[in-house]
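K.L.:
Turn this into a model:
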Amino acid sequence: MALQPRGPGQLWAERGWYLSAREQPEDEEEADEDGESAPLLPPGSVHDSQSHGSSFAFSVFNLMNAIIGSGILGLSYAMANTGIVGFSILLLIVASLASYSVFLLLSMCTQTAVTSYEDLGLFAFGSPGKVLVATTIIIQNIGAMSSYLLIVKSELPGAVAGFLSEDESGSWYLDGRLLLLITSICVVFPLALLPKIGFLGYTSSLSFFFTVYFALVVSNSTGDCKAKLFHLSKESAYAIPTMAFSFLCHTSVLPIYCELQSPSKSRMQNVTVAGIGLSFLIYFMSALFGYLTFYDKVDSELLQGYSKYLPHDTVIMTVKVAILFAVLLTVPLIHFPARKAVLMVFFSHLPVSWICHILVTLTLNTIVVLFAMYVPDIKNVFGVVGSTTSTCLLFVYPGLFYLKLSREDLLSRQKLGACALVGFGICVGLLSLVLIIFNWTDQ
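P.N.:
The predicted structure follows:
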């Protein structure tokens with residue numbers, strides 16, 4: 001059966017139950033008037049029941065799993081180029097704005113009853129808005145997958161060498177690009193081909209625990225040196241883009257909302273605050289102690305420093321293996337929303353088929369592997385993707401969509417906040433991108 005694109009009018013008609021619910025008498029509870037306890041799904045759906053859906057704690061865990069990723073390896077470099085206090089302030093600002101932008105997304109969710117970021121773009125700006133959001137998600141996820149596979153390319157040879165008794169440099173199994181190609185074909189591609197994302201939920205849970213283990217081990221690897229409280233250099237341009245890249249979870253918020261027990265805006269906002277808050281602590285801890293280990297010698301990808309200065313440390317070897325498992329188990333998960341967006345933009349007029357599914361998966365995997373092979377430094381991925389697609393999905397789009405869809409007065413607190421969010425995203429994204437390009441030309 002062909003997948004036919006739906007316009008805003010059709011979506012509104014399909015969700016007429018919600019429009020009717022919004023026409024309740026004005027003496028209802030205040031929480032219902034502003035949508036705080038308004039349900040996302042229509043009455044009678046499976047998730048409308050108290051006994052179905054994910055618990056609060058499991059939803060927090062899922063959100064943290066969506067947040068914490070390869071960015072954790074770039075934050076020590078960001079701290080080295082902003083200072084401990086400067087980094088702490090910037091990280092807190094980005095985390096707070098990420099939480100606020102999720103609040104705006106949830107507000108629009110209860111107004112429109114849509115369950116995807118792309119459909120919010122459709123409601124706000126029609127088909128061009130949906131295509132724009134889907135295209136941004138494709139680029140963002142290709143960048144995210146490339147950053148993960150860059151870690152495989154740089155760290156897998158050292159992990160293999162650590163298990164060898166003799167120096168065998170030059171051997172084929174110590175070639176990072178070849179190992180990247182082999183693992184992509186044997187691990188990433190088969191898992192990405194799975195028709196349902198459910199199985200990968202278990203593998204991504206393992207990935208999360210491996211990442212937390214990394215943060216705990218890094219926190220025990222301190223040394224003696226002089227830390228900088230504030231620092232500014234040309235490399236500081238990578239700081240906020242890396243943070244934006246690290247906190248981006250907005251494409252996962254709505255699916256998690258749908259699966260939450262007794263879903264409401266206030267309940268999901270509590271999940272968001274808890275998830276982003278705990279992720280903030282993990283990010284800060286790993287960044288701080290990674291910086292305090294190497295100071296101004298910290299690499300753009302933290303594990304490279306351990307490979308240089310602690311090449312035979314057994315604990316560090318276990319960290320490398322944990323991170324590599326985390327990477328390999330997470331990359332296929334990121335394929336799913338990327339493939340969905342590609343199918344939505346380019347193949348929505350075609351019937352669902354395995355041939356299309358395989359070809360799109362293979363094409364995405366090929367693009368990602370090529371990027372990972374030939375991009376020299378992970379900070380370039382964090383910088384470019386973080387200053388463009390990450391800032392759009394994190395700051396600009398939520399603010400724009402809220403300004404377009406909300407029925408509040410233009411001078412209301414939330415609309416002013418949305419304006420500030422859009423302005424912050426555009427200014428920081430453009431400034432960071434210009435500085436990064438200038439940095440490239442100056443090298």
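
K.L.:
make it CA atoms for all contacts and neighbour counts henceforth
P.N.:
Noted.

K.L.:
contacting residues for residue 121?
P.N.:
By Cα atoms under 8 Å, 6 or more residues apart in numbering, residue 121 lies in contact with 127-133, 401.

K.L.:
Closest to residue 381 out of those?
P.N.:
Nearest to residue 381, judged by Cα to Cα, of those is residue 133 at 19.6 Å.

K.L.:
what about the closest residue to the closest one other than its chain neighbours, distance to residue 252?
P.N.:
Leaving aside its chain neighbours, residue 133 sits nearest to residue 118 (5.6 Å; criterion: Cα to Cα, 6 or more residues apart in numbering). Look at residue 118 and residue 252: by Cα to Cα, to the nearest Å, they are 12 Å apart.

K.L.:
Same question for residue 355.
P.N.:
Noted for residue 355: a distance of 27 Å to residue 252, by Cα to Cα.

K.L.:
for residue 76, same thing?
P.N.:
If you go by Cα to Cα, the gap between residue 76 and residue 252 works out to 26 Å.

K.L.:
And for residue 349?
P.N.:
Per Cα to Cα, residue 349 is found 25 Å from residue 252.

K.L.:
related to what we said a few turns ago, now the residue nearest to residue 133: which helix or strand?
P.N.:
Using DSSP states H and E, residue 118 maps to helix 117-162.

K.L.:
same question for that helix, mean pLDDT?
P.N.:
Helix 117-162 carries an average pLDDT of 88.

K.L.:
Which SSE is immediately downstream of it?
P.N.:
Per DSSP H and E, the first helix or strand lying C-terminal to helix 117-162 is helix 176-183.

K.L.:
packing partners for that following helix?
P.N.:
In terms of contacts (3 or more Cα pairs under 8 Å, 6 or more residues apart in numbering; DSSP states H and E), helix 176-183 is packed against helix 117-162, helix 354-374.

K.L.:
can you give me the angle the first one makes with helix 176-183?
P.N.:
Per axes from the mean of the first three to the mean of the last three Cα atoms, to 10 degrees, the angle that helix 117-162 makes with helix 176-183 is 120 degrees.

K.L.:
got the buried residues for stretch 411-422?
P.N.:
Residues of stretch 411-422 classed as buried by neighbour count (16 or more other Cα atoms under 10 Å): 414-415, 417-419, 421-422.

K.L.:
Please apply the same query to stretch 419-435.
P.N.:
By neighbour count on 16+ other Cα under 10 Å, the buried set for stretch 419-435 is 419, 421-422, 424-426, 428-429, 432-433, 435.

K.L.:
mind giving me a markdown table with these and columns for secondary structure, distance to residue 209 and pLDDT?
P.N.:
Shown next, in a markdown table, are the buried residues of stretch 419-435 (DSSP: H, G, I helix; E, B strand; the rest coil; distance: Cα to Cα, whole Å; pLDDT from 0 to 100):
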| residue | secondary structure | distance to residue 209 | pLDDT |
| --- | --- | --- | --- |
| 419 | helix | 37 | 94 |
| 421 | helix | 32 | 94 |
| 422 | helix | 34 | 94 |
| 424 | helix | 33 | 93 |
| 425 | helix | 31 | 93 |
| 426 | helix | 34 | 94 |
| 428 | helix | 32 | 90 |
| 429 | helix | 31 | 91 |
| 432 | helix | 32 | 89 |
| 433 | helix | 33 | 90 |
| 435 | helix | 35 | 86 |
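
K.L.:
what would those residues look like in CSV with distance to residue 299?
P.N.:
Below are those laid out as CSV (distance: Cα to Cα, whole Å):
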residue, distance to residue 299
419, 36
421, 31
422, 32
424, 28
425, 27
426, 28
428, 24
429, 23
432, 20
433, 20
435, 19
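
K.L.:
Hmm, residue 384 and residue 433 touching each other?
P.N.:
Yes - with contact defined as Cα atoms under 8 Å, residue 433 reaches residue 384; the gap is 6.5 Å.

K.L.:
from memory residue 188 sits against residue 325, does it?
P.N.:
No - in terms of Cα under 8 Å, residue 188 does not count as a neighbour of residue 325; the distance is 11.3 Å.
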